[in-house]
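K.L.:
Turn this into a structure:
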Amino acid sequence: MILAAGRGERMRPLTDHTPKPLLQVGGKSLISWHLERLAQAGFKQVVINHAYLGNQIEEALGDGSAWGLSIQYSPETLALETAGGIANALPMLGTDPFLVVNGDVFTDIPFNALKLPLGNLAHLVLIDNPPQHLQGDFAFVDGAIKLEGEPRLTFSGVGVYHPTLFAGIKRGEAAKLAPLLKQAIADGKVSAMHFKSVWHDIGTPERLMALNQALLGQSSK
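P.N.:
Okay, here's the model as predicted:
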């Protein structure tokens, strides 16, 4: 599942007429990079939620056949937050663990290498704290994710989840992901890995511009 329902307030005016996942970077839309890498990793079925200007996303991506994928859409009248959006799409995601990727990050995380250990509810990809989030989200101590401790790392927006994690959320109800993850971590039901390669949170026009210049510079060498 690709999360693509956010309004992108910090990206204005770029997002006044274009949904954030369709903003161009390195010659293609942010969400197209995800679709390419998911296809390369062997994924076949993708669910995309959307709210703000969602019709543009459906028109741009279609049924996914351009990437060898089958795309289903989970429209939201009002954005349901991360956990609410996932819970709303559960009928399309099935009963097995599934991968979720934030639509507004750029990364080369190896999607095909991410697995949910038996009995766990979530497996998260953590990254070094970026300049805009130096406090991190979770502790990562001796290969285990914890709520407290050092060092602290940042959640990348990429994780594998078991549907049971969202069992307490009603469809169509807004709900944040962080409280669910914190409870599952406290219960010892979450694993994590520390990823140290390419990851960018496209949270401002300046970050988008910097990444765009870097990618275009690479392609012209």
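
K.L.:
wait, what's in contact with Val105?
P.N.:
Ser156, Gly157, Val158, Trp199, His200, Asp201, Ile202 (Cβ atoms under 8 Å, 6 or more residues apart in numbering). For every residue, glycine as well, the C-beta is placed using N, CA and C.

K.L.:
which other helices and strands contact the lengthiest strand in the chain?
P.N.:
In the chain, taking DSSP state E as the definition, the longest strand is strand 152-161. When contacts are defined as 3 or more Cβ pairs under 8 Å, 6 or more residues apart in numbering; DSSP states H and E, strand 152-161 sits against strand 98-102, strand 105-107, strand 122-127, strand 138-141.

K.L.:
related to what we said a few turns ago, check the contacts of Val105 and tell me the two furthest apart.
P.N.:
Between any two of these, the greatest separation by Cβ to Cβ is 14.1 Å, found for Val158 and Ile202.

K.L.:
how about the strands in the protein?
P.N.:
Counting by DSSP E, the strands of the chain are 2-4, 24-25, 28-29, 45-50, 70-75, 98-102, 105-107, 122-127, 138-141, 144-146, 152-161, 190-195, 199-201.

K.L.:
Could you check how far the third one is from the centre of its chain?
P.N.:
A distance of 16 Å separates the centroid of the chain from that of strand 28-29, by Cα atoms, centre = their mean, to the nearest Å.
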